[in-house]
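[1] Structure for the following, please:
(one chain, ligands or ions: 2)
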Amino acid sequence: MSIKSTILGFPRMGSDRQLKKLVEGFWAGKSTEQELVEGSKKLRADHWALQKAHGLSEVPVGDFSYYDHVLDAAFAVGVIPDRYKQLDTAGTQAYFAMARGLQDKSIGVDVPSLEMKKWFDTNYHYMVPEIADDQKFVLHSTKVIDEFNEAKALGYAARPVVLGPVSLLALSKTAKGSSSKPLDHLADLIPVYVQLLSQLAAAGAEWVQLDEPVLALDLDAAVYKPAFEQAYGEFAKIAGLKYLLTSYFDRLGDNLELAAALPVHGIHLDLVRGVADLDKALEVVPQEKVISAGLINGRNIWKANLEKQLAILNKIVGARKSVWVNSSCSLLHSPHSLRPEAGHLDDETLGWLSFAEEKVEEVATLAAVVSNPDSVKAKLEANAAKVASRKQSERITRPQVQQRLAALDRSSYNRKAEFTQRQQLQRASLKLPMFPTTTIGSFPQTAEVRKARAQFRKGTLSKAEYQEFLDSETRKCIEWQDQVGLDVLVHGEFERTDMVEFFGEHLEGFVFTKKGWVQSYGSRCVKPPVIYGDVSRPHAMTVDVARFAQSCSANKPVKGMLTGPVTILQWSFVRDDQPRSQTAGQIALAIRDEVVDLEKAGIKVIQVDEPAIREGLPLRKADYDAYLKWSVDVFRLATTGVNNETQIHTHFCYSDFNEIFTAIKSLDADVITIENSKSDLKLLGALEVHGYSAEIGPGLYDIHSPRVPSIEEMAARFAALQKYIPAENLWANPDCGLKTRGWPEVKQSLTNLVAVAADARTNYAARKASA
Ligand code: MET
Ligand SMILES: [Zn+2]
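    Ligands and ions are numbered 1, 2, ... in the order given. Sure, this is the predicted structure:
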């Protein structure tokens, strides 16, 4: 019996988000490329050392990235769109321009970034590669080979991680002006992969991990089976290299047989989300192939129930010669380590949790049970005690919350009147102009804002002083919006770090970690709260700030800003001891009470953001309906407690609408604002197919990039939108919140946006007059 212990990938940021500091320092010109390179090298070495210290027998390499692993994979095979080729493609200039856009007048460059998309159903975002009709592939970067050599030099048994060619193409999109499907280019891409893999073999790699996460999706076998067979057939010819084929985030399901039959040497199974695959896998995966048992959840923070996972492991061990104990997916989606939480979280809670470092230890422990059971007896006992303590804790259940949710009837899920009737009432009450302008909520979280918050948290700024600071920021923000001519104002969200933490801090049932950061995109990290128990709202959360903000404007409505139940759920670490739908229902009740309180305080427009509805969509179509049903229900539960005059907005930052359009309509919001600018108006296709009759604000510019959109550029988008959306229903706004931006660019961008709406009004009036 041979057993190996490893993980599919480790978080990149570092225990103290060192990578964030490294890349942001470099972007800001505060450090050199050399410093970035050296700092990153040290980070990788630290992470391998940690994995080895906890007993892993092999470490992944190439899982590190300055920005994103899909971007790395595209860059490695020379998928660099022409617009970046004027830049230095050898160093990091073109790479970072693809990641974040580049606007540098001194060198006459103004290029937007690639499109960004959610990585499967996680809150991680990847950069979408663009494949042109005349796409050429070349081995452009040796990053993964270099990192392998780095690990080897340090004495590690290392396994390069490479995004497989089929997934790379499947996750790509057709470049603008091209018409071929990315997957049509597979035959041209394969030789470059062969070159890369051969170089890894030559460098001394024994195993390569080929990630093909698209195997967790519904695939058209007629297209994908030949694709996989073609690629992996070629790879099998490379002498001396073994492949672990991985897929994660869901069952392999009907792709299992395809995966099992490929000429690879090992198959990874996500046994957290895809445990249903196991029996069949034991049948169809040939005996000579390794089974990599993904037993430790890479996406949640609960201590594994080792006894339970061991039972699964034993089943495999009993049936196979060679088994790997592994994480279910990369630990990229877990925070780095529990260490900083000691003394911050209470001991009971601490005992329930496991972050990346602890998960590494869990993997090693499970493997040791097979190879050397006596060595881990005490660890297993300790684990069993903690798992039992969580099951029995009284802090978890609040009978009142459960009863309230169970007692609801359908009236709690419906507005009092239909949209058209509400629209009339809202028009009369709000008196907005045509093409109302607004923003999505947050304004720049400047160094000053972050500093004040840090001082308040440290105790060097008193509560009153901090409040005074926030009030003054809010006032300035409202006054600026008023003066520039925006129509529906926002307070700016200066009191919030992200969209969930603020609410979690005010709700019961949540705990907060000190350093539980996970990467969201690029250098941006979020610190998801942990929902450990039944959720309730002990007091109003946003009423004071909304009331204050409204008092700063004489005659413009200020939007109340809330995060919706699905998003709070999706961006938290969620308890695994009751269905997600039930936790979401509890959150919805808390938000509902807040919405009603905002209305009582005189707030006429309330936005309940649900940017995460789309990413929460299950990966398999068979699971869509059940999810969409409860997510629509909880949004409605949260938002329908108000009168008809109150305008409910919601916001989504994605444009992949087709699959969920019916659900979006059934949210029954009065206004939706959505991402649009980065995806070439792809949204319009969905609007055309499905029709949309409520009010809508497709984003006119991308807020993920520091570049300032010109009036012409936005006006062109706005004109295109008017072909699909009735003018009376159209809003003008950016794609998303502005918290990651700086004030100078925000001011210019929004000034331009207001001008676009003003021109559109004039044009519209002229058209009406001449008609
Ligand atoms: C990711 S969606 C962001 C919405 C939020 N209201 C903001 O503006 O920041
Ligand atoms: Zn958004």
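[2] For the rest of this, base every contact and every neighbour count on C-alpha atoms.
    OK.
[3] For the helix or strand of the chain with the lowest mean pLDDT, which outside residues touch it?
    Within the chain, confidence by mean pLDDT, DSSP states H and E is lowest for helix 682-690 among all helices and strands, at a mean of 80. Among residues not part of helix 682-690, those counted as contacts by Cα atoms under 8 Å, 6 or more residues apart in numbering are 655, 656, 657, 658, 661, 662, 676, 721, 724.
[4] Skip the chain neighbours and tell me the closest residue to the residue most central in space within the chain.
    Note on the chain: the residue nearest the mean C-alpha position is residue 123, at 1.8 Å, using Cα atoms, centre = their mean. Closest residue in space to residue 123, ignoring its immediate chain neighbours: residue 520 at 5.9 Å, by Cα to Cα, 6 or more residues apart in numbering.
[5] What are the structural domain limits within the chain?
    For the chain, the domain assignment from automatic domain parsing gives the residue ranges 2-392, 419-766.
[6] In TSV: these, plus distance to ligand 2.
    Supplementary listing: the domains of the chain in TSV, determined by distance: least, Cα to the ion, whole Å:
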stretch	distance to ligand 2
domain 2-392	12
domain 419-766	4
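[7] before we move on, the earlier item: in the least confident helix or strand of the chain, what's buried?
    When burial is assessed from 16 or more other Cα atoms under 10 Å, helix 682-690 yields the following buried residues: 683, 684, 686, 687.
[8] Let me know the helix or strand that residue 168 is in.
    Taking DSSP states H and E as the definition, one finds residue 168 inside helix 165-170.
[9] continuing past that helix, what's the next helix or strand?
    The first helix or strand that comes after helix 165-170 along the chain, using DSSP H and E, is strand 173-174.
[10] Can you list the strands that that next one pairs with?
    Within its sheet, strand 173-174 is paired with strand 130-131 (parallel), according to DSSP bridges.
[11] on that earlier part again, close to ligand 1, is the very next helix or strand once past the least confident helix or strand of the chain?
    Once helix 682-690 ends, the next helix or strand along the chain (criterion: DSSP H and E) is strand 695-698. No - in terms of Cα under 6 Å from any ligand atom, no part of strand 695-698 sits within range of ligand 1; the closest distance is 13.3 Å.
[12] Give me the helices and strands touching strand 695-698, please.
    For strand 695-698, the packing partners by 3 or more Cα pairs under 8 Å, 6 or more residues apart in numbering; DSSP states H and E come out as strand 671-674.
[13] Residues contacting the strand it packs on, please?
    Counting by Cα under 8 Å, 6+ apart, strand 671-674 makes contact with 440, 647-655, 694-699, 733, 735-736, all of which sit outside it.
[14] Okay, now the sheet partners of it, with direction.
    With DSSP bridges as the test, strand 671-674 is paired with strand 647-652 (parallel), strand 695-698 (parallel).
[15] For it, what does the pLDDT average out to?
    In this model, strand 671-674 has an average pLDDT of 95.
[16] just stretch 716-734 next, same as before
    Confidence for stretch 716-734, expressed as mean pLDDT, is 94.
[17] what's the answer for stretch 430-444, then?
    Mean pLDDT, taken over the full extent of stretch 430-444, equals 98.
[18] Now do the end-to-end distance for that stretch.
    27 Å (Cα to Cα, to the nearest Å).
[19] same question, stretch 70-90
    18 Å.
[20] Likewise for stretch 726-735?
    One end of stretch 726-735 sits 20 Å from the other (Cα to Cα).
[21] helix, strand or coil for whatever residue of the chain ends up closest to ligand 1?
    Of all residues in the chain, the one sitting closest to ligand 1 is residue 737 (3.0 Å; Cα to the nearest ligand atom). Of the three states, residue 737 takes coil according to DSSP: H, G, I helix; E, B strand; the rest coil.
[22] Help me confirm that it comes into contact with residue 490.
    No - using Cα atoms under 8 Å as the test, residue 737 is too far from residue 490 to be in contact (10.5 Å).
[23] which of the two has more neighbours?
    Counting neighbours by other Cα atoms under 10 Å for residue 737 and for residue 490 shows that residue 490 has the greater number, 26 against 21.
[24] wait, isn't the more buried one in contact with residue 437?
    No - with contacts counted by Cα under 8 Å, residue 490 stays clear of residue 437, the gap being 11.3 Å.
[25] so how many other residues sit close to the residue nearest to residue 123?
    One way to gauge burial is a neighbour count; for residue 520, by other Cα under 10 Å, it gives 19.
[26] Now do the phi/psi pair for it.
    Its backbone dihedrals place residue 520 at phi -100, psi -50, with angles given as degrees, to the nearest 10.
[27] Also the one 5 residues further on?
    Taking degrees, to the nearest 10, you get phi -120, psi 150 for the backbone angles of residue 525.
[28] ok, and the closest non-adjacent residue to it?
    The spatial neighbour of residue 525 that comes closest, neighbours along the chain excluded (Cα to Cα, 6+ apart), is residue 519 at 4.2 Å.
[29] what secondary structure does that neighbour sit in?
    Classification of residue 519 using three-state DSSP returns strand.
[30] so what's it up against?
    For residue 519, the contacting residues are 11, 13, 124, 332, 333, 525, 526, by Cα under 8 Å, 6+ apart.
[31] Show me what the lengthiest helix in the chain is packed up against.
    Of all segments of type helix in the chain, defined using DSSP state H, the longest is helix 743-770. Of the remaining helices and strands, those touching helix 743-770 by 3+ Cα pairs under 8 Å, 6+ apart are helix 711-722.
[32] Surely residue 161 and residue 210 touch.
    Yes - in terms of Cα under 8 Å, residue 161 counts as a neighbour of residue 210; the distance is 6.2 Å.
[33] circling back to that earlier point, Throw the domains of the chain into TSV and include distance to residue 410, thanks.
    Formatted as TSV, the entries for the domains of the chain read as follows, by distance: least, Cα to Cα, whole Å:
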stretch	distance to residue 410
domain 2-392	29
domain 419-766	9
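[34] who in the stretch 301-450 of the chain is up against ligand 1?
    Taking Cα under 6 Å from any ligand atom as the criterion, the neighbours of ligand 1 within the stretch 301-450 of the chain are 440, 441, 442.
[35] May I see these organised as TSV, with neighbour count and secondary structure added?
    Output for these, formatted as TSV (neighbours: other Cα atoms under 10 Å; DSSP: H, G, I helix; E, B strand; the rest coil):
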residue	neighbour count	secondary structure
440	26	coil
441	22	coil
442	22	strand
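[36] residue contacts, residue 185?
    By Cα under 8 Å, 6+ apart, the residues touching residue 185 are residue 135.
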